[in-house]
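K.L.:
Any chance you can model this:
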Amino acid sequence: MAEHPFEPFGSQFRRLMEELGTRLNEEMKRVQKRVEGAMELVAGEAQKAMEELHREDYAADDLDKRPRKRRRAAASAAKPVRSPAKKRPRRKPPGSAAVPVKPKPKPKPLKDGAEAPVD
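P.N.:
Coordinates of the predicted model:
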């Protein structure tokens, strides 16, 4: 068996592969240019919207001379405030009653300096 399966086609196969690779590269460059153009357009529109929002905020502040209301960064960042009076006390699960513990007896001192027995 031949080392390369397309060896009988030789130079013709290599030429076709190079041509297809060149076409693919050209198409990828065209797509990349379109994507970059679209990204620049969207970035420009977002920048204009941000500038207009700032202008509206500052214009309203200058006219009213009121303290500026701050906008929330995100609705998900706000946490609900719960009243501690509404919290229910925790209930102990059944069978969790405290088990009485027997106190350990105090060791009695040995008389006449005798040694303690070893168990």
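
K.L.:
can you give me the end-to-end distance of stretch 91-98?
P.N.:
14 Å (CA to CA, to the nearest Å).

K.L.:
Just the mean pLDDT for that stretch, thanks.
P.N.:
Taken as a whole, stretch 91-98 carries a mean pLDDT of 77.

K.L.:
what about the helices in the protein?
P.N.:
11-64 (DSSP state H).

K.L.:
okay, and for it, where does confidence drop off?
P.N.:
Along the chain, the model assigns pLDDT under 70 to residues 1-8, 60-87, 89, 116-119.

K.L.:
If we use 80, what do you get?
P.N.:
Within the chain, the ranges that satisfy pLDDT under 80 run 1-10, 57-99, 107-119.

K.L.:
count of residues packed around Phe13?
P.N.:
Neighbours of Phe13 under the rule other CB atoms under 10 Å: 14. The way it works is simple: take the backbone N, C-alpha and C, and place the C-beta from them, glycine included.
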